[in-house]
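Undergrad: Just need the structure, nothing else, for what follows:
(one chain, ligands or ions: 1)
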Amino acid sequence: MNILLVEDETRVADFIRRGLAAEGWSVDHAPDGEEALEHAATNSYDVILLDLMLPGIQGQDVCRELRARKSKTPILMLTALDSPEEKVEGLTIGADDYLAKPFDFDELVARVEALHRRANGYETDVNETLISNGAISFDRTSLQVTVEGVEISLSKKERDLLLLFLTNAGRILNAVWGLKADPLTNVVDVYVGRLRRKMVPEGKRIVALRHVGYRMT
Ligand code: CA
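TA: Next up is the predicted model:
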C-alpha cells in the first residue's frame, strides 16, 4: 500500500512512518499542505493521512482541494481536536474517516486497512441521490426517508446520523463520536435511540458496540 502522510510535527511523523513501514507499506511524507498537494498531484496513493493543524494551508483546505480535483483517494484526518462538530465538518468536506490524537497505533492501522478495503470494494457513491440499505431508502434531494416504503419524519440531526450510517455501511460510527469517554456520548445515545425507534423494524440493525460506538449491520 502507498500512503501519503501529511504531518508537520517531525516526531509524530517519524513515529507514524516507522509504524506504517513496519506493516510493509510505503510512505511519502509531506510536512505541509503545499507539499501534500504536490505529492498528491504527481503520485497515486491508496490512503492519505492528513493532519489538520498545518503551517500554511490547513488540513481542511488540503482536503477540499483534493476533492475539488476529483481525487477519490480515501482521506483519514488526524487531529488533536476531538469534538463532534470538527468530525462532522471533516466528513462533510470529503474526509472518509477521522482519528483524534493521541491514537492507538493498532487503531490507525485498522482504519487505514478499512479505508483501503472500502475504496476497493463496496462504496456508496457520494453523489448518488437515492441511497438504499435493506428496507431503508434515503433520497438526498428531497430528504425523504422511507422504511419499508413508509415515509418517516426525522429531525435534521437524526437525518445526518442516518446518512452517516448509510454511507458508511458496516463501519463503526466512532468516526463521528470518538472512542474514548466523551462527555457528549449521551447525546449520541439519545439520537441513536430516537432514530432506532423511528425506523422500526430497521432500527434494530443499528447496534451498539460496547466502548466503541454504533454500527449499522
Ligand atoms: Ca500539526
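
Undergrad: all contacts plus neighbour counts: C-alpha atoms, from now on.
TA: OK.

Undergrad: Now do Cys63 against Leu78, distance only.
TA: Going from Cys63 to Leu78 by C-alpha to C-alpha, to the nearest Å gives 12 Å.

Undergrad: and if you look at Lys157?
TA: In terms of C-alpha to C-alpha, Lys157 sits 24 Å off from Leu78.

Undergrad: elements contacting the helix or strand hosting Leu164?
TA: Using DSSP states H and E, Leu164 maps to helix 156-167. Packing partners of helix 156-167 (3 or more C-alpha pairs under 8 Å, 6 or more residues apart in numbering; DSSP states H and E): strand 130-133, helix 185-198, strand 213-216.

Undergrad: For beta bridges, what are the partners of the residue with the largest distance to the centre of the chain?
TA: Going by C-alpha atoms, centre = their mean, the residue of the chain most distant from its centre is Val150, 29.4 Å out. Beta-bridge partners for Val150, by DSSP bridges, are Val147.

Undergrad: From Gly59, how far off is it?
TA: 41 Å.

Undergrad: where does the protein come near the ion, residue by residue?
TA: For the chain, the contact set with the ion under C-alpha under 5 Å from the ion comprises Met53, Leu54.

Undergrad: so where's the chain uncertain?
TA: 81-82, 121-128, 168-187, 210-213 (pLDDT under 70).

Undergrad: just the helices in it please.
TA: With DSSP state H as the criterion, the chain has helices at 10-22, 33-42, 59-68, 84-92, 105-120, 156-167, 174-177, 185-198.

Undergrad: Distance to Leu50 added to these, as CSV?
TA: Putting the helices of the chain into CSV (distance: least, C-alpha to C-alpha, whole Å) gives the following:
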stretch, distance to Leu50
helix 10-22, 11
helix 33-42, 9
helix 59-68, 6
helix 84-92, 11
helix 105-120, 12
helix 156-167, 21
helix 174-177, 14
helix 185-198, 25
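
Undergrad: In this structure, which residue sits nearest the ion?
TA: Met53 (4.1 Å; C-alpha to the ion).

Undergrad: Isn't that residue up against Gly59?
TA: Yes - under the criterion of C-alpha atoms under 8 Å, Met53 makes contact with Gly59 at 6.2 Å.

Undergrad: Distance of the spatially most central residue of the chain relative to Phe138?
TA: In the chain, the C-alpha closest to the average C-alpha coordinate belongs to Asp97, at a distance of 2.2 Å (C-alpha atoms, centre = their mean). Noted for Asp97: a distance of 21 Å to Phe138, by C-alpha to C-alpha.
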